[in-house]
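Chemist: I need the structure of the sequence given here:
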Amino acid sequence: MNISRVAVIGSGPSGLASAKHLLAEKFQKIDVFEKQSEVGGVWYYSAKPSGTISIPHVDSEDSPIYAPGKDGDSKGKPVFPSPMYDDLYTNIPHTLMRYSDLAFREGCEIFPTRQDVQEYLVRYARDVRHLIKFSTQVTNVALRQDQGRDQWDVRAKDLLTGEETQETYDAVVVASGHYSMPYIPDYIENIAEFNAAYPGVISHAKLYRNAEPYRGKKVVIVGNGPSGLDITRQIQSVSQHLLLSVRTKTPPEVLEHIGQVEEIGQIKRFLTEDRAIEFYSTPSTPSSSSSSTRIEKDIDAVLFCTGYIYTFPFLSLSPPLVTDGRKVHGLAKHFLHVRHPTLAFPGLPIKVIPFPLVEAQAAAFSRLWSGRLPPPLPATLEAWERADAESATPGKYHVFPKGGDGRYINEVHEWVTRDTVRDGSGGRGKEPPYWDEELLWQRGIYAEAKMQFEKTGRKAKTLEELGFRYEPGEAEVTSPGDVGK
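Modeler: So this is what the prediction gives:
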């Protein structure tokens, strides 16, 4: 591929892992563009959330707010508020969550706080911090051909000075994350009219910081994913009445742990009269001809915990990368662009253990671009893309099935270690992660362990303290698949 200059967009978990693996391959130039003033990506907390978002929200908008300058008059550092809220613990034990070459701090709770994760990422970044251009936002990435080779013109803006620059790279890593553009569905009847009549009643989890604004109120939370359930638990302790609107029922033991919450079906429509919402009575796929409904009046707050959309406003390709925001098109193995394999998107999969997964992806494209890993034929990349599509659930293309991340990590490990050319011109490289039997076991029990962690006061330092002890033979080691064949 003859690649010597690489741009990385973002210094969150995916961007940092990418930078480390690229650095180990001895590329001539590696630039990491970070619009925030610090590493961490989604884990970089800001006490002040974004102002407001459009309702419904299915489009991209990514403008910073600015902290006050030192003299009180000048503009300070740019801040792009993330979804991090005040009282947040991970739902993954740090022994599983960690990168392969760095442990969390000694004495850390087994399910770390957001502060511990951010501190961990700052430590992890030490070896690549000199590559990072902070407070610098990529505004445009344009592809052109030069004698049959991909060339990427990257335009960026210094958010402190306003200066704009453009440089050309042989390859680009898009590690800008997918937790910045909140999704509030536009198909719910009267949602826009309700929002116009009662501004501020409807919000999204990205703007949530703590439960205090919901004290004594009648609240509706939409969605029962991990963040939705954690926020429900927090708001339940202060609200007057809490309704949890879901598509599929929450496990009874989880509802029992949360406390006083009434689970109800999806929202059918908003009613401006009486500040009301009509719900389907029970969680299920709604059908206007068969599902009964009920109306709840005097709603004080509606908090959508409905996730985020994929968006890359700085990057345009034909055919388009993103259409409805639910899938990034044209990728093999969820990260490598099929038509332009000099473009990589680490960290797109959902319901995975992200840090080791992006390490595996970074090991693959770093060795591909250095020439030490033979590039797959175009037909192979197309076959991988078809296989990904055939195995995906409709509407959930990047959502991995249970255990899918372990299989993926070990398959990529097998591909990279099997096919890498040891005497190439690049560096020695970093080894991709591999999940042994104990890590696969942790992946299988961590949700149950997190529940026990919550019930016992969030103090446990090990899984053993929570009653989970690994015994050899409890998990089957994932056998490598046919990645790279």
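
Chemist: Quick check: residue 91 vs residue 446, distance?
Modeler: Going from residue 91 to residue 446 by CB to CB, to the nearest Å gives 7 Å. Every residue, glycine included, has its C-beta placed from N, CA and C.

Chemist: which of these two has more neighbours?
Modeler: residue 446 (23 against 18; other CB atoms under 10 Å).

Chemist: could you list every residue that touches that one?
Modeler: 91-93, 96 (CB atoms under 8 Å, 6 or more residues apart in numbering).

Chemist: Point out the ones among those that are inside strands.
Modeler: Counted as lying in strands by DSSP state E, out of those, is not a single one.

Chemist: May I ask which of the residues you listed has the most neighbours?
Modeler: Busiest of these [other CB under 10 Å] is residue 93, holding 26 neighbours.

Chemist: List the residues that contact that one.
Modeler: 110-111, 442, 446, 449, 463.

Chemist: what about the nearest residue to residue 417 once chain neighbours are set aside, which SS state?
Modeler: Distances taken as CB to CB, 6 or more residues apart in numbering put residue 432 closest to residue 417, at 7.1 Å, once the chain neighbours are dropped. Following DSSP: H, G, I helix; E, B strand; the rest coil, residue 432 is assigned to coil.

Chemist: Likewise for the one 10 residues further on?
Modeler: Per three-state DSSP, the secondary structure class of residue 442 is helix.

Chemist: and the nearest residue to residue 281 once chain neighbours are set aside, what does it touch?
Modeler: Nearest residue to residue 281, sequence neighbours excluded (CB to CB, 6+ apart): residue 292, at 4.6 Å. Residue 292 makes contact with 280-282 under the criterion CB under 8 Å, 6+ apart.

Chemist: again, but for residue 105
Modeler: Contacts of residue 105 (CB under 8 Å, 6+ apart): 116, 119-120.

Chemist: same check, this time on residue 80
Modeler: 35-36, 46, 62, 64-65, 180.

Chemist: Just the buried ones from these, in ChimeraX syntax?
Modeler: For the buried members of those, the matching ChimeraX selection, counting by 16 or more other CB atoms under 10 Å, is:
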select :35,36,64,180
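
Chemist: Out of the contacts of residue 80, name the ones that lie in strands.
Modeler: Reading strands off the contacts of residue 80 with DSSP E, I get residue 65.

Chemist: for the contacts of residue 80, which one is nearest residue 84?
Modeler: Distances from residue 84 to these, taken as CB to CB, are shortest for residue 46 (7.5 Å).

Chemist: Chain neighbours aside, what residue packs nearest to the closest one?
Modeler: residue 81 (4.4 Å).

Chemist: That neighbour: which element?
Modeler: Under DSSP states H and E, no helix or strand contains residue 81.

Chemist: Tell me who's in contact with it.
Modeler: 46, 48-50, 65, 206.

Chemist: These: which two are farthest apart?
Modeler: 65 and 206 (13.3 Å).

Chemist: So for the two, which residues contact both of them?
Modeler: In contact with both residue 65 and residue 206: 50, 81, using CB under 8 Å, 6+ apart.

Chemist: hmm, back to that, can you list the contacts of residue 81 in JSON lines and add pLDDT and distance to residue 255?
Modeler: Below are the contacts of residue 81 laid out as JSON lines (pLDDT from 0 to 100; distance: CB to CB, whole Å):
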{"residue": "46", "pLDDT": "94", "distance to residue 255": "31"}
{"residue": "48", "pLDDT": "90", "distance to residue 255": "32"}
{"residue": "49", "pLDDT": "89", "distance to residue 255": "28"}
{"residue": "50", "pLDDT": "80", "distance to residue 255": "31"}
{"residue": "65", "pLDDT": "84", "distance to residue 255": "37"}
{"residue": "206", "pLDDT": "95", "distance to residue 255": "24"}
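
Chemist: and these as JSON lines, adding distance to residue 380?
Modeler: Formatted as JSON lines, the contacts of residue 81 follow (distance: CB to CB, whole Å):
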{"residue": "46", "distance to residue 380": "43"}
{"residue": "48", "distance to residue 380": "48"}
{"residue": "49", "distance to residue 380": "44"}
{"residue": "50", "distance to residue 380": "42"}
{"residue": "65", "distance to residue 380": "45"}
{"residue": "206", "distance to residue 380": "38"}
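
Chemist: which one of the residues you listed is nearest residue 129?
Modeler: residue 46 (20.5 Å).

Chemist: If you count neighbours, what's buried in whichever strand or helix holds residue 254?
Modeler: Using DSSP H and E, residue 254 sits within helix 252-258. If you call a residue buried by 16+ other CB under 10 Å, then helix 252-258 has these buried ones: 255, 258.

Chemist: so how many other residues sit close to residue 106?
Modeler: 6.

Chemist: Please disregard the earlier target; I meant residue 22.
Modeler: Residue 22: 27 neighbours (other CB under 10 Å).

Chemist: these two touch, right, it and residue 364?
Modeler: No. If you go by CB atoms under 8 Å, residue 22 and residue 364 don't touch, sitting 11.8 Å apart.

Chemist: quick one, helices of the stretch 151-300 of the chain?
Modeler: Ranges of helices in the stretch 151-300 of the chain, per DSSP state H, counting those that start in this stretch, are 191-197, 226-236, 252-258.

Chemist: out of those, deepest packed?
Modeler: Across the helices of the stretch 151-300 of the chain, averaging neighbours per residue (mean count of other CB atoms under 10 Å) puts helix 226-236 on top, at a mean of 21.

Chemist: Can you get me the centre-to-centre distance for the least confident helix or strand in the chain by mean pLDDT and its chain?
Modeler: Ranking every helix and strand in the chain by mean pLDDT, DSSP states H and E puts strand 65-68 at the bottom, with a mean of 78. Chain-centre distance of strand 65-68: 25 Å, with CA atoms, centre = their mean, to the nearest Å.

Chemist: Going along the chain, name the strands of the stretch 301-450 of the chain.
Modeler: 301-304, 331-332, 336-337, 343-344 (DSSP state E, counting those that start in this stretch).

Chemist: Mind putting these into CSV with mean neighbour count, distance to residue 199 and mean pLDDT?
Modeler: Conversion of the strands of the stretch 301-450 of the chain to CSV gives the following (neighbours: other CB atoms under 10 Å; distance: least, CB to CB, whole Å; pLDDT from 0 to 100):
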stretch, mean neighbour count, distance to residue 199, mean pLDDT
strand 301-304, 24, 12, 98
strand 331-332, 22, 39, 98
strand 336-337, 23, 41, 98
strand 343-344, 25, 41, 98
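
Chemist: Switch these over to TSV; also include distance to residue 412.
Modeler: Listed next are those as TSV, based on distance: least, CB to CB, whole Å:
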stretch	distance to residue 412
strand 301-304	34
strand 331-332	12
strand 336-337	11
strand 343-344	13
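
Chemist: Select, out of the ones you listed, the one closest to residue 319.
Modeler: Here strand 336-337 is closest among the strands of the stretch 301-450 of the chain (CB to CB), at 11.4 Å.

Chemist: Check which helices and strands that closest one is in contact with.
Modeler: Applying 3 or more CB pairs under 8 Å, 6 or more residues apart in numbering; DSSP states H and E, we find strand 336-337 packed against strand 343-344, helix 354-370.

Chemist: So how do I select the buried members of the contacts of residue 292 in PyMOL?
Modeler: Remark: buried members of the contacts of residue 292, expressed as a PyMOL selection using 16+ other CB under 10 Å:
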select buried, resi 280
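
Chemist: Now do stretch 267-281: distance to the chain's middle.
Modeler: 31 Å.
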